[in-house]
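Novice: Pasted the sequence and its predicted model underneath.
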Amino acid sequence: MPRAFLVVLDSVGCGGAPDAAAFGDAGANTLAHIAETCAAGRADEGREGPLSLPNMDALGLGRAIELASGVTAPGLGVAPTGRWGAATEVSPGKDTPSGHWELAGVPVPWDWTYFPDTHPAFPPEVREAVCTAAGTDGILGDCHASGTEIIERLGTEHVRTGWPICYTSADSVFQIAAHEETFGLERLLRLCQDLAPLLHGMRVGRVIARPFVGDEGSYRRTSNRRDFAIAPPSPTLCDWAQVAGRQVNAIGKIGDIFSMRGIDTVAKGTDAELMEALQARVTDADEGSLTFANFVEFDTNWGHRRDPTGYARQLEWFDAQLPRVMAGLQPGDLLLLTADHGNDPTYRGTEHTRERVPVLMHGVAPGAVGLCAFADVAATVADHLGLDPAGPGRSLL
Ligand SMILES: O=P(O)(O)O[C@H]1O[C@H](CO)[C@@H](O)[C@H]1O
Ligand SMILES: [Mn+2]
Ligand SMILES: [Mn+2]
């Protein structure tokens, strides 16, 4: 029985979203703008020259960028040997759960609650709930912020007062940063878990624990981040596979994004560790199984930090790992690479950008599938695995 490996490169968008302007993101194009930065010689730290992604380009990456946005990305665009297209999102959010649920066949049927970019940003009942659950007299932050900037600014006050640092972004998120040692990692995770029902009831998509360590001037976040997300509104590809008796393996934050619904195994860690986990699943995943991976460092380490050079390095690292993954696949296995939204590191601000995403397939008949829908990814994987068709998508096979 064939297996499927669905791999999301978090935030690796390719521009061209028809509703980008409505999100304030007109012209954003994560991949094309990184390629242009590289070609101009402005991304030469730890790498050099034009963006080099021969393996993904052979699957159709350059063509997908051009199809999505009309932009020719320098250094990309060879004649593809894979099956390729570009997908458009319809959910009303450019966040990770929206993107992943829709890729898994469930567009988001509601409007998320976003907190205003004011100080304070949170309503009194949320502040009070945090204080009660944490046993503190107040909270720090209470604003929109970049996660690395806010721990640099408020980390020392947090260590002194013990008050949790609460912040949000243009996403529907309530994030709490706290020091792993002075506040305690377990206490932070429990706090986020306790607050999740209140926030989810307000249609806030995720409560996220953002633990950090270190001393003044050198605070740094750890990989112990945990996302407590609202459960998807209806069964997703993961559930379709699981109820059909198939093994579903999550790699990275997939388990968190789907509230563990329809998931049998979980592997977590840095992207380098996740690549090893993907390699291990390629070797040992059951016949007929689904392995669903998310590689988050494109987004958290480089997109939100507006660092096109780091983003280019991460893309080149990922691309160089692909031959090893492909070599382990069995005949009939599908490898599908895609993304959940954009995060153009050359764009203003520090937020995600509304973009189309590449859809690159290996292991099935080559060819162009054209512009498609996020939900078509779920339909395609389901078709490949021989599952009953569900969701609004159509198979691209
Ligand atoms: O700036 P940091 O803390 O990385 O936060 C980013 O990560 C959040 C969740 O992925 C996004 O909403 C964005 O705010
Ligand atoms: Mn994401
Ligand atoms: Mn993000």
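Specialist: Here it is on my side, so go on. Numbering: from 1, shown residues only. Ligands and ions are numbered 1, 2, ... in the order given.
Novice: Give me the nearest residue to Lys253, chain neighbours excluded.
Specialist: Spatially, and ignoring its direct neighbours in sequence, Lys253 is nearest to Asn294 (5.3 Å; Cβ to Cβ, 6 or more residues apart in numbering). All C-beta atoms are positioned from the backbone trio N, CA, C, and that covers glycine.
Novice: count of neighbours near the closest residue to ligand 1 within the stretch 101-250 of the chain?
Specialist: Residue of the stretch 101-250 of the chain nearest ligand 1, by Cβ to the nearest ligand atom: Gly147 (2.0 Å). Look at Gly147: counted by other Cβ atoms under 10 Å, it has 21 neighbours.
Novice: Residue ranges of each domain in this structure, please.
Specialist: For the chain, the TED database gives the domain ranges 4-109+233-385, 124-229.
Novice: re earlier: for beta bridges, what are the partners of the residue nearest to Lys253?
Specialist: Val8 (DSSP bridges).
Novice: show me what contacts it?
Specialist: Contact partners of Asn294, counting by Cβ atoms under 8 Å, 6 or more residues apart in numbering, are Val7, Val8, Asp10, His100, Ile251, Gly252, Lys253, Ile254, Ile257, Asp340.
Novice: Of all the domains of the chain, which one comes closest to Pro392?
Specialist: Closest approach to Pro392 among the domains of the chain (Cβ to Cβ): domain 4-109+233-385, 5.0 Å.
Novice: From the chain's centroid, how far away is the closest one?
Specialist: From the chain centre to the centre of domain 4-109+233-385 is a distance of 8 Å (Cα atoms, centre = their mean, to the nearest Å).
Novice: Do you know the pLDDT at Pro389?
Specialist: pLDDT, Pro389: 82.
Novice: I figured it hits Val381, correct?
Specialist: No. Pro389 is not in contact with Val381 according to Cβ atoms under 8 Å; the separation is 11.3 Å.
Novice: out of these two, which sits in the more crowded spot?
Specialist: A direct count of neighbours by other Cβ under 10 Å for Pro389 and Val381 places Val381 higher, at 28 against 13.
Novice: What helices and strands are in contact with the helix or strand the more buried one falls within?
Specialist: Element membership for Val381, per DSSP states H and E: helix 374-385. Here helix 374-385 touches strand 4-9, strand 83-88, helix 96-103, helix 237-243, strand 334-338, strand 357-362, going by 3 or more Cβ pairs under 8 Å, 6 or more residues apart in numbering; DSSP states H and E.
Novice: try it again with 7 Å
Specialist: Packing partners of helix 374-385 (3 or more Cβ pairs under 7 Å, 6 or more residues apart in numbering; DSSP states H and E): strand 4-9, strand 83-88, helix 96-103, helix 237-243, strand 334-338.
Novice: I'd like to know which of these lies nearest to Leu396.
Specialist: When these are compared by Cβ to Cβ, strand 83-88 sits nearest Leu396, at 6.6 Å.
Novice: Who are the contact partners of the closest residue to ligand 2 within the stretch 151-300 of the chain?
Specialist: Going by Cβ to the ion, ligand 2 is nearest to Asp299 of the stretch 151-300 of the chain, at 5.0 Å. Counting by Cβ atoms under 7 Å, 6 or more residues apart in numbering, Asp299 makes contact with Asp10, Ser11, Asn343.
Novice: Check for me that it belongs to a helix.
Specialist: Yes. Assigned with DSSP: H, G, I helix; E, B strand; the rest coil, Asp299 falls within a helix.
Novice: helix, strand or coil for the residue nearest to Gly332 when sequence neighbours are not counted?
Specialist: Leaving aside its chain neighbours, Gly332 sits nearest to Pro2 (4.0 Å; criterion: Cβ to Cβ, 6+ apart). Secondary structure, three-state DSSP: Pro2 is coil.
Novice: Could I get the pLDDT score of Pro2?
Specialist: Each residue has a pLDDT score; the one for Pro2 is 97.
Novice: do you know how far whatever residue of the chain ends up closest to ligand 2 is from Asp256?
Specialist: Nearest residue of the chain to ligand 2, counting by Cβ to the ion: Thr96, 3.3 Å away. Using Cβ to Cβ, to the nearest Å, one gets 9 Å for the distance from Thr96 to Asp256.
Novice: Tell me which of those two has more neighbours.
Specialist: With neighbours defined as other Cβ under 10 Å, Thr96 and Asp256 compare such that Thr96 has more, 26 against 22.
Novice: list the contacts for the more buried one?
Specialist: With contacts defined as Cβ under 7 Å, 6+ apart, Thr96 is in contact with Asp10, Ile257, Asp340.
Novice: switch to 6 Å and redo it
Specialist: Counting by Cβ atoms under 6 Å, 6 or more residues apart in numbering, Thr96 makes contact with Asp340.
Novice: quick one: the residue nearest to Lys253 from ligand 1, how far?
Specialist: For Asn294, the distance to ligand 1 (Cβ to the nearest ligand atom, to the nearest Å) stands at 11 Å.
Novice: same question, Arg3
Specialist: 29 Å.
Novice: ok so, going back, show me which of the contacts of Asn294 neighbour ligand 2.
Specialist: Counting by Cβ under 5 Å from the ion, Asp10, Asp340 from these sit close to ligand 2.
Novice: returning to what we had before: what pLDDT does the residue of the chain closest to ligand 2 get?
Specialist: On pLDDT, Thr96 comes in at 95.
Novice: what mean pLDDT does the helix or strand hosting Leu315 have?
Specialist: Assigned by DSSP H and E, Leu315 falls within helix 308-328. Averaged across helix 308-328, pLDDT comes to 98.
Novice: same for it, what does it pack against?
Specialist: helix 30-39, helix 54-59, helix 271-284 (3 or more Cβ pairs under 6 Å, 6 or more residues apart in numbering; DSSP states H and E).
Novice: Distance to ligand 1 added to those helices, as JSON lines?
Specialist: Converted to JSON lines, the helices and strands packed on helix 308-328 look like this (distance: least, Cβ to the nearest ligand atom, whole Å):
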{"stretch": "helix 30-39", "distance to ligand 1": "15"}
{"stretch": "helix 54-59", "distance to ligand 1": "23"}
{"stretch": "helix 271-284", "distance to ligand 1": "15"}
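Novice: out of those helices, deepest packed?
Specialist: When you average the neighbours per residue for each of the helices and strands packed on helix 308-328 (mean count of other Cβ atoms under 10 Å), helix 30-39 leads with a mean of 25.
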